[in-house]
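Student: Okay, structure incoming, though there's no sequence with it:
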């Protein structure tokens, strides 16, 4: 059996973890990126593709695929849901991640405090952030102080989500839900670094929100305890709504304001790039496992335990 993924986003994280646990690793890679990925020597085989969607047409019955943000962006949750690909994760959760209404429904069901969302420009009564759909890494986002600003900045051909803009610190917390150990683990935390927002705030220019990387974050323990409860609530809420379990990683994306109120504005139903900063280990994963464990390795450990317990085929349905 092989563990594979498309060569983008967190592929190095994933295949290094699979390699550490003794699995055969396979990457599906565009031609111009092959030298880059080969330079790390982590893959056992590379399959060249011109488009990531080509994996939908392949016979990958001997491969467990690990989905990440590029699966959502370049293939789409609905195509993955309709496919026979064996994904470690929940295809339905990826659909909920991609659909704004379903995403909001799940966050509310989990009991999270969420920013207001506006269905029209006329409802805006304060600063808003306009977002595009899908896992675009912040591309195309903008902030507007009022309705007039929003009208001026909006591209008529783009379907935006208008969300109340919360001033505070963005905190992205990743979890791992283990079916073999029957527990939800707080895995790591990070902050996303966005292209020019730091300098634009200094020089009073318009910021952009395109993510170029991630910074590690260690939370105050009292706040971390709140996030643990949120992770458990998220898993339970999805089970209530869909009668399905969540195997593996997911991320809850938040802002903490000056009153230490946590607002949840997004979630990702799979590994996120923020876990890349915690190779070979986050403090939380080390405390859980007593040895260095990064997300790619944690996924491979779970797959191995599912195989040992004869549960893998059931989880990959």
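Tutor: That came through fine. All values derive from a computational prediction rather than experimental measurement.

Student: Give me the phi and psi for residue 39.
Tutor: Dihedral angles of residue 39 (phi, psi; degrees, to the nearest 10) stand at phi -60, psi -20.

Student: now residue 254: how far from residue 87?
Tutor: Noted for residue 254: a distance of 26 Å to residue 87, by C-beta to C-beta, to the nearest Å. (C-beta placed from N, C-alpha, C; glycine too.)

Student: Those two: which has the busier surroundings?
Tutor: Comparing residue 254 with residue 87 by other C-beta atoms under 10 Å, the one with more neighbours is residue 254, at 26 against 21.

Student: Could you tell me whether that one really is in a strand?
Tutor: Yes: under DSSP: H, G, I helix; E, B strand; the rest coil, residue 254 falls within a strand.

Student: For it, list the residues it contacts.
Tutor: 170, 171, 172, 173, 262, 263, 264, 265 (C-beta atoms under 8 Å, 6 or more residues apart in numbering).

Student: cutoff 6 Å now
Tutor: 171, 262, 264 (C-beta atoms under 6 Å, 6 or more residues apart in numbering).

Student: Would you map the strands across the stretch 1-150 of the chain?
Tutor: Ranges of strands within the stretch 1-150 of the chain are 2-6, 24-29, 45-48, 63-65, 117-118, 128-131, 142-144, based on DSSP state E, counting those that start in this stretch.

Student: Check the stretch 201-317 of the chain too.
Tutor: Ranges of strands in the stretch 201-317 of the chain, per DSSP E, counting those that start in this stretch, are 211-216, 248-256, 262-268.

Student: Give me whichever of those is most buried.
Tutor: strand 248-256 (a mean of 23; mean count of other C-beta atoms under 10 Å).

Student: and the angle from it to strand 262-268?
Tutor: Orientation of strand 248-256 against strand 262-268 (axes from the mean of the first three to the mean of the last three C-alpha atoms, to 10 degrees) gives an angle of 150 degrees.

Student: Parallel or antiparallel, list what pairs with strand 248-256.
Tutor: Taking DSSP bridges as the criterion, strand 248-256 forms sheet pairs with strand 169-178 (antiparallel), strand 262-268 (antiparallel).

Student: outside of the last one, which residues touch it?
Tutor: Strand 262-268 is touched from outside by 97, 107, 112-115, 166, 251-256, with contacts defined as C-beta under 6 Å, 6+ apart.

Student: quick one: that strand to chain centroid distance?
Tutor: 11 Å (C-alpha atoms, centre = their mean, to the nearest Å).
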